[in-house]
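J.: pasting the sequence and the predicted model now:
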Amino acid sequence: MNWITLEGGAEVFIEESKGGICKSCGTRFVWGVTRNNKFIPVTKTPEGKWISHFADCPGAGKHRKQPEGELKIVKAKKEGAV
Ligand SMILES: [Zn+2]
């Protein structure tokens, strides 16, 4: 199971091998898909909690460009198609 719960309580499906480096702050993140099929970058805190990188990125708003191919794979896995 790749479902995680973010600090705020939202459930997100993640594919840990599909991640990237935030262009704004250099943090390594993992792509996740919410229940509403929205893609968000999530990061793990040192305490082992998952948080939306939109929430903690000092350069929030700059990472709108998403690698579409990678995201399709994450979404397909969430829906059990892969
Ligand atoms: Zn960032």
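T.: The structure has been received and is ready for your questions.

J.: summarise which helices and strands the helix ranked longest in the chain is packed against.
T.: Looking across the chain with DSSP state H, the single longest helix is helix 68-78. With contacts defined as 3 or more Cβ pairs under 8 Å, 6 or more residues apart in numbering; DSSP states H and E, the secondary structure elements packing on helix 68-78 are strand 11-21, strand 28-34, strand 39-44. Where C-beta positions appear, they are placed from N, C-alpha and C, glycine not excepted.

J.: check those strands for me and report the most buried one.
T.: Sort those by mean neighbour count, taking mean count of other Cβ atoms under 10 Å, and strand 28-34 sits at the top with a mean of 21.

J.: any idea of the mean pLDDT in that one?
T.: Here the mean pLDDT over strand 28-34 is 94, rounded to a whole number.

J.: which helices and strands sit right next to it?
T.: For strand 28-34, the helices and strands in contact under the criterion 3+ Cβ pairs under 8 Å, 6+ apart are strand 11-21, strand 39-44, helix 68-78.

J.: quick one: closest of these to Phe54.
T.: Phe54 lies closest to strand 39-44 among these, at 6.2 Å (Cβ to Cβ).
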